[in-house]
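**Student:** Sequence unavailable; structure follows:
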């Protein structure tokens, strides 16, 4: 229980710092900034905990290093979840765009023609292409999109994960 409690409590600090930084300055590469904030703050907080030499283990005789590694792993898992959630909200995922449109339509609903007309490439595709360019995953050369080495690595990661799970890459 202490690992869950301490990990969750310590993860509140980078979330608050993220919120404060975004109030003052919106970084150009937001996901990278979030990761750096979380890793730096979590490392400092774990080092601070280790300096206090307090026993966080629920089991007598459990090595303190193992407890800190568990807390660090838990905080890293929270970071991954936070980044995935943030990126979905950062550029309005297609599903979020559709749900917002239908919610704003109210109880009378939205005519299918209107719904489909609003969901064009300017809303669903172009913002994501701009994000890929901003994050240096793709670049335009001679009027064509090309994957950068960073983009190829990301594609390999997603393709491998999809193959392991036995699913296709859907949208």
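**Tutor:** In hand now; what should we look at? The model shown is predicted, which means the values in this text are computed figures rather than measured ones. Residues are numbered from 1 along each chain as shown.

**Student:** what helix or strand is residue 145 on?
**Tutor:** Taking DSSP states H and E as the criterion, residue 145 maps to strand 144-147.

**Student:** Quick check: mean pLDDT of the helix or strand that comes right after that strand?
**Tutor:** Moving toward the C-terminus from strand 144-147, the next helix or strand (DSSP H and E) is helix 149-165. Mean pLDDT, helix 149-165: 86.

**Student:** now for helix 149-165, which elements pack on it?
**Tutor:** Contact analysis of helix 149-165 by 3 or more CB pairs under 8 Å, 6 or more residues apart in numbering; DSSP states H and E lists no helix or strand as a packing neighbour. Placement of C-beta: from N, CA and C, glycine included.

**Student:** Residue 6: which element?
**Tutor:** Applying DSSP H and E as the criterion places residue 6 in helix 2-24.

**Student:** Show me what counts as buried in that helix.
**Tutor:** Buried residues in helix 2-24, counting neighbours by 16 or more other CB atoms under 10 Å, are found at 3, 6, 7, 10, 11, 14, 15, 18.

**Student:** Spell out which strands sit alongside the strand holding residue 145 in the sheet and which way each one runs.
**Tutor:** strand 138-141 (antiparallel) (DSSP bridges).

**Student:** for the strand it pairs with, the distance to its chain's centre please.
**Tutor:** How far strand 138-141 lies from its chain's middle: 24 Å, per CA atoms, centre = their mean, to the nearest Å.

**Student:** how many neighbours does residue 137 have?
**Tutor:** Using other CB atoms under 10 Å, residue 137 is surrounded by 19 other residues.

**Student:** what about it, distance to residue 165?
**Tutor:** From residue 137 across to residue 165, the span is 22 Å (CB to CB, to the nearest Å).

**Student:** what bits of this protein have low per-residue confidence?
**Tutor:** Applying pLDDT under 70 to the chain flags residues 1, 53-63, 88, 91-92, 168-171.
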